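Colleague: Below: sequence and its predicted model.
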Amino acid sequence: MKISVIIPALNEAANLEAMVRSIGEGHQVIVADGGSIDSTRAVAAGLGALVVRSAPGRGAQMDCGALGAEGDALLFLHADTVLPDGWAESVREAMGDERVVGGAFRLRISSGRAFYRVIERMATARFRLFGLIYGDQAIFVRREGFFKAGGFGALPLMEDVDCVRRLRRLGRLTLLERSVVTSPRRWEERGILKNTIWNWLTLILYFMGVPPQRLYGFYYGRPRAGS
């Protein structure tokens, strides 16, 4: 099974090398750039990735990258996240079960602060209880299933949760034993507790039917450009 790794990026030149190195050899790597003004595109090309340009927004970028994917399976990797050793074997083993349409990895945050261990456990519990996966867990999916489900719908926010809900109608999702390692930067920018509460409030509002376009303004405190 060939796996294409799709990375949405915006001004991520400083993070790309470690992340792309974690992918290893023999996989198609696509960097979907949302309009970077740093050297993201040059760094990605220098690392051997296929670079595609996209409208900004993680959902739109990942959808754009998926269009150029050649793999039987697609793995969506955030630019501040690295894959564990043996990740591809784990994905292929999971996909050996034809009932499985996709899944993700467990979450580990690259900080020694104790509260992050709580967040990591919450991510696992979120999947066990509700079947929900966030994009920072490196979602993978059969290519055919991804397009049949409608991809990420170019949504500006909650694109991961929305896509996962649609994928669950097509088959089983699985949570692998291996963990991806992601940067704590988004928690630390806003504050660990505040960001965690903000995430849960946004999720609740989404399930109450608030459109992702409005949620973007709530989450970031500003309207989305062009909306």
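Modeller: Now that the structure is in, tell me what you want to look at.
Colleague: Now do the SS call for residue 175.
Modeller: Counting by DSSP: H, G, I helix; E, B strand; the rest coil, the backbone at residue 175 sits in strand.
Colleague: show me where the chain has strands.
Modeller: 3-9, 28-33, 50-53, 73-76, 81-82, 100-109, 139-142, 172-182 (DSSP state E).
Colleague: will you turn those into JSON lines that also has distance to residue 22 and mean pLDDT?
Modeller: Using the backbone N, CA and C atoms, a C-beta is placed for each residue, glycine as well. Listed next are the strands of the chain as JSON lines, based on distance: least, Cβ to Cβ, whole Å; pLDDT from 0 to 100:
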{"stretch": "strand 3-9", "distance to residue 22": "10", "mean pLDDT": "97"}
{"stretch": "strand 28-33", "distance to residue 22": "11", "mean pLDDT": "97"}
{"stretch": "strand 50-53", "distance to residue 22": "17", "mean pLDDT": "97"}
{"stretch": "strand 73-76", "distance to residue 22": "12", "mean pLDDT": "98"}
{"stretch": "strand 81-82", "distance to residue 22": "4", "mean pLDDT": "94"}
{"stretch": "strand 100-109", "distance to residue 22": "12", "mean pLDDT": "97"}
{"stretch": "strand 139-142", "distance to residue 22": "14", "mean pLDDT": "98"}
{"stretch": "strand 172-182", "distance to residue 22": "9", "mean pLDDT": "97"}
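Colleague: Identify whichever of those strands lies nearest to residue 130.
Modeller: Smallest distance to residue 130 across the strands of the chain (Cβ to Cβ): 11.2 Å, for strand 172-182.
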